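**Student:** I would like to see how this sequence folds:
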Amino acid sequence: MGKDLIPKAIRGNTGAFGEILEKYQDLVYAKALQITRDPVGAQDVTQDAFISAFKGFKDLRSDASFLPWLRKITRNFALSWLRERKRIRSLEEANVLPSSFEPPQMEIEDEQRETEAFQKEIGKVVASLSNSLRFPILLCYLKGISTAEAAHFLGIKEGTLRKRLHDGKKKLQQKVVKIAERTLQEYRLPPGFAKRCICGCERARIEEKRKEVMKMTKKSGCGCGCVDVSSSKKEKPKPKKSEKK
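**Tutor:** Modelled structure (predicted):
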């Protein structure tokens, strides 16, 4: 991180804060996801954590304490998110609130389609193996046949079959990892997240200033929010007329 980024961010420079956000947003999101185990909830926690950090930069003691401080903020927001979700669930269980976690039919159908699509992908991966690798895997892992029986059925030595199983598993792992990487892209932060978060920080700063102005006007006014100008513009005493002798 640049040496001047944190001091600039402390002074309210959103450009500097944006660079900090870009650098650490994935780390904060990963921490939030670890606790919430919910991608959407983790996004909300990440945004709330950065907005809170932007507002509380003035309390940061040193540059070195930034990451532990940011991690603590993220953890607190994530735990708060979990507590709120548990509270909603308990209200639903008590029939105080209607259940919001019951997936609608559309979501169920989407999950079924995703499962079927994943199974097709795995089927394609297995089918892409050569016959010498595919048949041992189909016999031993999908059919549950022992290696001795499979080797006897295929007319090869058991040691040869074990070697083919090892090679087949290695190729399967490589291809399944690629499928997993494509799937995990869904758990990344959206491209416009940093920009949206900066906008949230700007709104938070404007709101803070508005509150400060309201406090000042209430102190100097009548209590309704207006400004008491009488105290600032007191009538100057008129000069005394010189007494006639």
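
**Student:** the bottom helix or strand of this protein by mean pLDDT?
**Tutor:** helix 105-127 (a mean of 70; mean pLDDT, DSSP states H and E).

**Student:** burial measure for residue 68, as a count.
**Tutor:** Residue 68 has 9 neighbouring residues, counting by other CB atoms under 10 Å. Any C-beta I mention is one placed from the backbone N, CA and C, and that applies to glycine too.

**Student:** How about residue 23?
**Tutor:** Neighbour count of residue 23, defined by other CB under 10 Å: 13.

**Student:** what's the average pLDDT for whichever strand or helix holds it?
**Tutor:** Per DSSP states H and E: residue 23 is located in helix 14-36. Average pLDDT, helix 14-36: 85.

**Student:** Name the surrounding residues that touch it.
**Tutor:** When contacts are defined by CB atoms under 8 Å, 6 or more residues apart in numbering, helix 14-36 is touched by residues 1-2, 4-6, 8-9, 39, 41-43, 45-46, 49-50, 54, 57, 67, 70-71, 74-75, 77-79, 81-82, 187-189, 193-194, 197-198, 201-202.

**Student:** Buried residues, that helix. List them.
**Tutor:** 14, 16-21, 24-25, 28-29, 31-33, 35-36 (16 or more other CB atoms under 10 Å).

**Student:** hmm, back to that, going through the contacts of helix 14-36, which ones are buried?
**Tutor:** 5-6, 8-9, 41-43, 45-46, 49-50, 54, 57, 70, 74-75, 77-78, 81-82, 189, 193-194, 197-198, 201.

**Student:** Among those, which are located in helices?
**Tutor:** Among the buried ones among the contacts of helix 14-36, the members found in helices (DSSP state H) are 5-6, 8-9, 41-43, 45-46, 49-50, 54, 70, 74-75, 77-78, 81-82, 193-194, 197-198, 201.

**Student:** how close does residue 202 get to residue 19?
**Tutor:** To residue 19, residue 202 is 16 Å away according to CB to CB, to the nearest Å.

**Student:** picking up where we left off before, following the least confident helix or strand of the chain, which helix or strand comes up?
**Tutor:** Immediately after helix 105-127, counting by DSSP H and E, sits helix 131-137.

**Student:** helices and strands around that next one, which ones?
**Tutor:** The contact analysis (3 or more CB pairs under 8 Å, 6 or more residues apart in numbering; DSSP states H and E) places helix 131-137 against helix 105-127, helix 147-154, helix 158-184.

**Student:** mind putting those helices in JSON lines, distance to residue 63 and mean neighbour count included?
**Tutor:** Shown next, in JSON lines, are the helices and strands packed on helix 131-137 (distance: least, CB to CB, whole Å; neighbours: other CB atoms under 10 Å):
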{"stretch": "helix 105-127", "distance to residue 63": "44", "mean neighbour count": "11"}
{"stretch": "helix 147-154", "distance to residue 63": "59", "mean neighbour count": "16"}
{"stretch": "helix 158-184", "distance to residue 63": "32", "mean neighbour count": "14"}
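
**Student:** Need these in CSV (columns: distance to residue 62).
**Tutor:** Compiled in CSV, the helices and strands packed on helix 131-137 are given as follows (distance: least, CB to CB, whole Å):
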stretch, distance to residue 62
helix 105-127, 47
helix 147-154, 61
helix 158-184, 35
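
**Student:** wait, which of these is closest to residue 210?
**Tutor:** For those, proximity to residue 210 was assessed by CB to CB; helix 105-127 is nearest, at 39.8 Å.

**Student:** Domain parsing of the protein, as residue ranges.
**Tutor:** By the assignment in automatic domain parsing, the chain contains the domains 5-93, 105-187.

**Student:** Compare those domains and say which comes out lowest on pLDDT.
**Tutor:** domain 105-187 (a mean of 79).

**Student:** Figure out how far that one is from the centre of its chain.
**Tutor:** With CA atoms, centre = their mean, to the nearest Å as the basis, domain 105-187 stands 33 Å off its chain's centre.

**Student:** do you know how far residue 42 is from residue 73?
**Tutor:** For residue 42, the distance to residue 73 - CB to CB - is 14 Å.
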